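Novice: predicted model, plus sequence, below.
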Amino acid sequence: MTRLNLLLLVALLASCVFLVRVSHDARRLFAELDKAQTEERQLESDFERLKAEKQSQATPSRVETVARNQLGMRTATPAVTNYVTYSRSADRTAPEGPR
């Protein structure tokens, strides 16, 4: 009988240690899950902010302003447009490449 009680006591202690370990792992995993969900929410808000910023940066008036001021571009008018015409004589005098 004493051996049986001793065996049951050891089994009970092992069960308690296992229960504490499993509870600790569950709490740790829950904390990791909460941290990952917080990071997900932060990334989603950053993504939405960047999408809105991208839309505001790509408006036609903003693109035109940047083209004029920063790049020094101007509107194409017939006065500054060079038209290129194709002629048959230019086609015959062009050097032939390898075929």
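Specialist: Cool, the structure landed.

Novice: going forward, measure contacts between C-alpha atoms and count neighbours the same way
Specialist: Noted.

Novice: distance of the residue positioned nearest the centre of the chain relative to residue 21?
Specialist: Nearest to the geometric centre of the chain sits residue 47, at 7.6 Å (C-alpha atoms, centre = their mean). Noted for residue 47: a distance of 39 Å to residue 21, by C-alpha to C-alpha, to the nearest Å.

Novice: check residue 2 too.
Specialist: Counting by C-alpha to C-alpha, the gap from residue 2 to residue 21 is 29 Å.

Novice: the more surrounded of those two?
Specialist: residue 21 (12 against 7; other C-alpha atoms under 10 Å).

Novice: burial of residue 45, as a residue count?
Specialist: 12.

Novice: right, and the helix or strand after the helix or strand it falls within?
Specialist: Assigned by DSSP states H and E, residue 45 belongs to helix 2-57. Next helix or strand after helix 2-57 toward the C-terminus (DSSP H and E): helix 60-69.

Novice: starting at the chain centroid, how far to that next one?
Specialist: Distance, stretch centre to chain centre, for helix 60-69: 27 Å (C-alpha atoms, centre = their mean, to the nearest Å).

Novice: cool, thanks, talk later.
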